[in-house]
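Visitor: make a model of this:
(one chain, ligands or ions: 1)
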Amino acid sequence: NRTVAIVGRPNVGKSRLFNRLARKRISIVHDQPGITRDVISAEVEDGHYTLLDTGGLGYKGEDTPARLTAASEAQVDFAMATAALILFVVDGLSGVSALDEKIAAMLRRSRKKVRLVVNKADFDDEKIQLDDIYRLGLGEPLRVSAEHGRGEADLRDAILAELGPAPGDDSDEAEAERPLGVCFIGRPNVGKSSLSNRLLQSDRLIVSDVPGTTRDAIELPFQFKGRNGKLYPFRLIDTAGIKAATKLASPVEYFSRLRSLDAIKNTDVVFLVLDAMEGVTQQDKAIAGEAIKEKKPIVIVVNKWDLVHKEFRKGDGVRGYKTEREYREKYEAALFDRLFFTPGAPVVFVSAMSGYEVDRMLNAAVKLNRMLDAKLPTAKLNRTIERLADQNPPPAIGGKRFRVYYATQTGTRPFRIKLFCNREEKLTEQYRRYLEAGLVEEFGLNGCPMYFDLVGKE
Ligand code: GDP
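Guide: I've put the predicted structure just below:
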């Protein structure tokens, strides 16, 4: 987490300080259904950290002293929940107030890093009541003038020092070294073992039919030469005993086997295998659900394409379709119709038997895997959610609409987005999917599922 939040009572100059550090002017966005910019964020120092101004949070109606206090507390709460570092701004001219003391007490109790910033320090130093400021118990204050820029360089340095070095930019190398974990899931006889064997180019996966064969997941390493000629290490995760189990067709056996596919948990990308000659079945749907539940990115692999090809070569068409291409398009449309896939999941049509398009299948996995490490810049994330809410406001439920105050990415593999909102229960499943699809599209993350962690603030 590299988020820095500015807090402080009204009129101490938080917005000015924000603008100075962000090197831009704030655009004020007014209250609108769905989403507002109660919290303003900016990427600072070339994206080294995200700066938040919480100063707009919690203002509703008249500014009575009680409301101002409540708003300030809401801002500090919010900052403590999101930020790695909090800049607490006090006014060097007007001195320490009761509200400042209250905020300081909240911050002292939190286990967050806090830097005290004395603003408006561009006047004679004697006028600044440092004793009171030290008494806030938050250490050495940094003196700045947000208006005139005094102390700015020191403040920038102090923030960077508090945050520590950014995680290394060696992700390319890390990617090259860490093998990409994949597994095949699908109903019996769709060709999972055949595809595995094709990848490993051996019969290593054929295991004995002896009952009691261990079902622990095993990992089989292999390498794949990508389109760019680069070698990508993979690990194929499989469950020993998988063959034995397919021979036992009772439902109990089948589902226990499905469960033994906790191989899914250890993979980066899941290959969901379907049979090209058969449509999508209820069983396919149940199996796909396992991967979706785990929020794993899925490559949809339609296997045995050679059989379809052969049928078309005979000239009679297949199931009323005249061309291979038409069949393929209809197959793909039906797929997305019948399965609730992550928006934009890639589909490949392959043949384990001939090896047709197996490379494309692996390339799709490499591409998905690379996306999984994407960092979603906070400002763009918030702008996108705002735009999505503008274009399609959330439905009002019991007179209240779902509203996002602020969104931030908290994890990758899978993507985790924390949504600070008014009430988490107001987010419908349909609207959640809409937000997910919108973000996936905006950030070009086709096929990568997202988790939303909701934090209600009302
Ligand atoms: P699994 O139960 O999903 O592991 O399926 P298998 O790999 O055991 O394959 C089931 C049957 O389908 C076997 O008879 C395979 O030879 C056949 N099969 C698998 N892939 C293909 C393919 O691409 N084309 C054709 N024609 N047959 C395939």
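Visitor: look at the residue in the stretch 1-150 of the chain positioned nearest to the ligand and report its pLDDT.
Guide: Closest residue of the stretch 1-150 of the chain to the ligand, C-beta to the nearest ligand atom: Asn1 (42.5 Å). In short, each C-beta sits where N, CA and C put it, glycine included. As predicted, Asn1 sits at a pLDDT of 76.
Visitor: wait, it touches Thr410, no?
Guide: Yes: Asn1 lies in contact with Thr410 (C-beta atoms under 8 Å); the separation is 7.2 Å.
Visitor: any idea how many residues pack against the residue nearest to Thr384 when sequence neighbours are not counted?
Guide: In this structure, Thr384 finds its nearest non-sequential neighbour in Glu442, 4.6 Å apart by C-beta to C-beta, 6 or more residues apart in numbering. Close neighbours of Glu442, defined as other C-beta atoms under 10 Å, add up to 16.
Visitor: so how far is the ligand from Glu442?
Guide: Remark: distance between Glu442 and the ligand (C-beta to the nearest ligand atom, to the nearest Å) = 36 Å.
Visitor: would you say Arg115 is within a helix?
Guide: No: using DSSP: H, G, I helix; E, B strand; the rest coil, the secondary structure at Arg115 is strand, not a helix.
Visitor: how about the longest helix along the chain: buried residues?
Guide: The longest helix of the chain (DSSP state H) is helix 65-82. For helix 65-82, burial by neighbour count (16 or more other C-beta atoms under 10 Å) applies to 68-69, 71-80, 82.
Visitor: could you do stretch 451-458 as well?
Guide: Of the residues in stretch 451-458, those buried (16+ other C-beta under 10 Å) are Phe452, Leu454, Lys457.
Visitor: before we move on, back to that, elements contacting the longest helix of the chain?
Guide: Using 3 or more C-beta pairs under 8 Å, 6 or more residues apart in numbering; DSSP states H and E, the elements in contact with helix 65-82 are strand 3-7, strand 85-91, helix 98-109, strand 404-411, strand 415-421.
Visitor: one more time with 7 Å, if that's ok
Guide: strand 3-7, helix 98-109 (3 or more C-beta pairs under 7 Å, 6 or more residues apart in numbering; DSSP states H and E).
Visitor: ok, then the element right after the first one?
Guide: Once the chain leaves strand 3-7, the next helix or strand it forms, by DSSP states H and E, is helix 14-22.
Visitor: which strands and helices lie in contact with that following helix?
Guide: Using 3+ C-beta pairs under 7 Å, 6+ apart: helix 14-22 touches strand 3-7, strand 40-44, strand 49-53.
Visitor: one more time with 6 Å, if that's ok
Guide: strand 40-44, strand 49-53 (3 or more C-beta pairs under 6 Å, 6 or more residues apart in numbering; DSSP states H and E).
Visitor: export these as CSV, with columns for mean pLDDT.
Guide: Shown next, in CSV, are the helices and strands packed on helix 14-22 (pLDDT from 0 to 100):
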stretch, mean pLDDT
strand 40-44, 80
strand 49-53, 86
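Visitor: closest one to Glu386 among those?
Guide: strand 40-44 (11.4 Å; C-beta to C-beta).
Visitor: what about the residue nearest to Met361 when sequence neighbours are not counted, how many residues close to it?
Guide: Using C-beta to C-beta, 6+ apart and skipping residues adjacent in sequence, the residue nearest Met361 is Val348, 4.7 Å away. Using other C-beta under 10 Å, Val348 has 21 other residues around it.
Visitor: again with the one 5 residues further on
Guide: Using other C-beta under 10 Å, Met353 is surrounded by 15 other residues.
Visitor: pretty sure it contacts Leu307?
Guide: No: using C-beta atoms under 6 Å, Met353 is not in contact with Leu307, being 8.5 Å away.
Visitor: before we move on, back to that, which helix or strand contains the residue nearest to Met361?
Guide: strand 347-349.
Visitor: quick check: which ranges of this protein have low pLDDT?
Guide: 24-38, 58-63, 122-128, 166-177, 202-218, 239-262, 340-342 (pLDDT under 70).
Visitor: quick check: residues of it near the ligand?
Guide: Neighbours of the ligand within the chain, by C-beta under 6 Å from any ligand atom: 186, 188-194, 246, 303-304, 306-307, 351-353.
Visitor: can you tell me the closest non-neighbouring residue to Glu162?
Guide: Leu85 is the one closest to Glu162 (C-beta to C-beta, 6+ apart), at 5.0 Å.
Visitor: ok, what's across the strand from that neighbour?
Guide: Val4, Lys113 (DSSP bridges).
Visitor: neighbours of it, how many?
Guide: 20.
Visitor: quick check: it touching Thr3?
Guide: No: the pair Leu85 and Thr3 does not pass the contact test of C-beta under 6 Å, sitting 7.7 Å apart.
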